[in-house]
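Attaching a predicted model along with its sequence, questions to come.
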Amino acid sequence: RDIIRILLNYGNQLIAVEVITEDNTVFDGQIELAKYIINELVFVEGFALTTDVYQSILSEFVTALQDDKILTQEFFINHLNEKIRNVSIELLTERYQLADWSKKQIVVNTESMLLKRAAEEVCYAYKLKKLEDLIKKEEDALKLLQKNTEDQGELLRSLTLLKKYKELKLQISMKIKRPS
């Protein structure tokens, strides 16, 4: 839900990124938020969103990016599919209005001010959830292997994979400062 909400609200806005060239030269660049999120998540094995309508919205973004286009809020608000239109309107509607604290010289950071961090967090949160699912699946498979096999090589492969998943989970948890 958060991935789609951020794509709808800020997908066409530019964020700062580090660009690494083929010769490992690093320089600062900019990329549309939609490209950043989709590039981060499209390579996650088994990437799929929880509901059909969210997956349809994401597919619209992916298809547009393949044509080198970035979709706007208006595209989704006026979408032919009623479910996409309704979900888009719901996710684009702000629940609360932030008071104007600038009158009192107080700066309140909003999500739009911290776009790159918001994009990173939704991507990491999704990857973390996928890793937790993979860890659970591998732990279940390991239990079955322990009961049903004498093949030490298969047990070792499963344990190695489980260790790799847990290390990745720890790395991602540290990046978003969540307890693992």
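Structure's in. What do you need? Residues are numbered from 1 along each chain as shown.

in this structure, which residue is closest to the centre?
Per CA atoms, centre = their mean, the C-alpha nearest to the average position across the chain is that of residue 123, at 2.5 Å.

Run a quick check on that one versus residue 33, I expect a contact.
No. Residue 123 is beyond contact range of residue 33, at 10.9 Å (criterion: CB atoms under 8 Å). All C-beta atoms are positioned from the backbone trio N, CA, C, and that covers glycine.

Show me whatever sits in contact with both of these two.
Counting by CB atoms under 8 Å, 6 or more residues apart in numbering, no residue touches both residue 123 and residue 33.

circling back: how many other residues sit next to the closest residue in space to the residue nearest to the centre of the chain that isn't next to it in sequence?
In this structure, residue 123 finds its nearest non-sequential neighbour in residue 40, 4.3 Å apart by CB to CB, 6 or more residues apart in numbering. By other CB atoms under 10 Å, 17 other residues sit near residue 40.

Quickly find the element holding residue 40.
Element membership for residue 40 (DSSP states H and E) is helix 33-41.

Which elements pack onto that helix?
Counting contacts by 3 or more CB pairs under 8 Å, 6 or more residues apart in numbering; DSSP states H and E, helix 33-41 packs against helix 2-10, strand 14-20, helix 52-66, helix 115-148.

Which helix or strand in the protein has the lowest average pLDDT?
Counting by mean pLDDT, DSSP states H and E, the chain has its least confident helix or strand at strand 14-20, which shows a mean of 80.

Turn the helices and strands packed on helix 33-41 into a markdown table, columns for distance to residue 85.
Formatted as a markdown table, those follow (distance: least, CB to CB, whole Å):
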| stretch | distance to residue 85 |
| --- | --- |
| helix 2-10 | 12 |
| strand 14-20 | 27 |
| helix 52-66 | 10 |
| helix 115-148 | 22 |
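
Which one of the ones you listed has the poorest average confidence?
For these, mean pLDDT drops lowest on strand 14-20, to a mean of 80.

So in that sheet, which strands flank it, and in what orientation?
Using DSSP bridges, the strands paired with strand 14-20 are strand 26-32 (antiparallel).

returning to what we had before: check the residue nearest to residue 123 and give its pLDDT.
For residue 40, pLDDT reads 83.

quick one: it and residue 58, what's the gap?
Residue 40 sits 13 Å away from residue 58, going by CB to CB, to the nearest Å.

how much distance is there from stretch 53-66 to the middle of the chain?
Remark: stretch 53-66 is offset 14 Å from the chain centroid, using CA atoms, centre = their mean, to the nearest Å.

make that stretch 148-159, sorry
33 Å.

Same check on stretch 120-135?
8 Å.

same deal with stretch 10-27?
17 Å.

mind listing what's buried in that stretch?
10, 11, 15 (16 or more other CB atoms under 10 Å).
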